[in-house]
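# pasting the sequence and the predicted model now:
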Amino acid sequence: MDTMQVRSSERLDVDKLHAFLESYFTELPQGKLEIAQFSAGHSNLTYCLKIADFEAVLRRPPLGPVAKKAHDMKREFTILSALHPFLPSVPKPYVYVEDRDIIGSDFFLMERKKGIVLDTHFPKGTEPTEELARQLSELMVDSLVALHAIPYQDTPLKDIVKPDGFLERQVYGWIERYENAKTAEHAEVAMLTEWLKNNLPSNHEATIIHYDYKLNNAMFSEDYTEIIGLFDWEMATVGDPLADVGVAMSYWMQADDPKMLLYALGEPPVTVLPGFYTRQQFIDRYAEKSGRDVSAIHYYCTFAYFKLAVICQQIYYRYVQGQTQDDRFAQMDKMVAALIQQASQSI
């Protein structure tokens with residue numbers, strides 16, 4: 001996973017952090033603390049900490065005001081702690097730190113995993129054959145099926161989740177979030193939100209869901225035969241597993257998608273290349289492997305496009321309000337428009 005020099009506005013206090021690491025890790029090697037920042041992700045800030053041969057990953061909330069209940073570091077740490085014993089691709093969590101004097105916020109540390117993360121390109125030396133594309137598609141489906149098979153009642157998550165009424169809360173909650181972060185009028189939104197309210201499926205099954213499941217949140221082994229890392233668990237909860245599939249499909253682009261959707265934030269992901277599953281193939285394999293009825297998946301995909309539009313709108317709102325100076329967010333309104341259009345055209 002690519003790291004870069006820490007953005008000037010998002011630097012950490014090296015001395016205080018080094019002192020904490022020395023107090024917590026009993027066999028920490030001698031040496032200078034080096035901090036790099038992971039370039040991916042638009043939400044929580046993620047850093048690589050390195051002292052000699054010691055490495056760990058630090059997660060903290062973004063700078064500036066954040067939405068209520070969002071970016072909850074303690075909750076994400078609890079989720080990792082619950083899931084790691086069942087799914088080794090979940091990073092091993094080390095410690096949650098509430099003390100805000102160290103870096104200016106709470107944070108947690110977890111293991112550093114090393115492998116291949118795919119986004120818009122394959123690394124040099126990898127030939128993206130159709131066979132490899134199919135293999136990666138299958139791994140992505142099967143990993144999601146495995147996550148949904150974990151018995152959440154046997155984990156600490158049973159005490160922090162409310163699966164009853166999950167989807168209805170989600171739909172109404174994301175509609176409210178959109179209204180609170182609106183910066184422009186989109187004519188399609190009124191019809192879209194009414195349709196979402198009036199066509200709620202009646203599925204009551206609940207499983208652990210990642211809820212941000214996408215290719216660049218997965219890490220593959222060097223030979224691409226297994227997923228060795230799954231990241232960004234801040235949205236994970238217990239709820240309707242088909243909502244998780246819908247979210248995965250909102251990220252899973254295919255070559256015949258509208259150009260506005262494909263290129264709104266730059267180059268499209270590698271899933272547009274020959275051999276990668278279409279969304280329908282992904283859904284079909286999920287149904288086969290999980291045994292679930294996916295006849296209502298159309299609703300979940302439509303809602304997922306709207307939900308993703310709201311997430312992008314919240315990020316863009318923070319940028320417009322001057323709460324973040326990250327230039328990556330300046331064009332985020334184009335992605336909002338593309339996603340709303342994609343959702344509207346599917347109803």
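Sure, I can see it.
# which stretches of the chain have low pLDDT?
1, 40-42, 64-71 (pLDDT under 70).
# can you list the domains in it?
3-110, 130-345 (automatic domain parsing).
# most packed of these?
Ranked by mean neighbour count, the domains of the chain are led by domain 130-345 with a mean of 18 (mean count of other Cβ atoms under 10 Å). All C-beta atoms are positioned from the backbone trio N, CA, C, and that covers glycine.
# follow-up on the earlier one: distance to residue 117 added to the domains of the chain, as JSON lines?
JSON lines is the format used below for the domains of the chain (distance: least, Cβ to Cβ, whole Å):
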{"stretch": "domain 3-110", "distance to residue 117": "7"}
{"stretch": "domain 130-345", "distance to residue 117": "5"}
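# okay, the residue nearest the centre of the chain and residue 286: tell me how far apart.
For the chain, residue 212 is the residue whose C-alpha lies nearest the centre (Cα atoms, centre = their mean; 3.4 Å). According to Cβ to Cβ, to the nearest Å, residue 212 stands 17 Å off from residue 286.
# show me where the protein has helices.
Per DSSP state H, the chain carries helices over the ranges 14-24, 73-83, 130-148, 166-181, 189-198, 241-251, 259-263, 279-290, 297-320, 332-345.
# which other helices and strands contact the longest one?
When contacts are defined as 3 or more Cβ pairs under 8 Å, 6 or more residues apart in numbering; DSSP states H and E, helix 297-320 sits against helix 166-181, helix 189-198, helix 241-251, helix 332-345.
# turn those into TSV, columns for distance to residue 97.
Formatted as TSV, the helices and strands packed on helix 297-320 follow (distance: least, Cβ to Cβ, whole Å):
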stretch	distance to residue 97
helix 166-181	28
helix 189-198	39
helix 241-251	29
helix 332-345	31
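# select, out of those helices, the one closest to residue 8.
helix 332-345 (20.9 Å; Cβ to Cβ).
# so what does that closest one touch, helix or strand wise?
helix 189-198, helix 259-263, helix 297-320.
# hmm, 6 Å instead?
The helices and strands touching helix 332-345, judged by 3 or more Cβ pairs under 6 Å, 6 or more residues apart in numbering; DSSP states H and E, are helix 259-263, helix 297-320.
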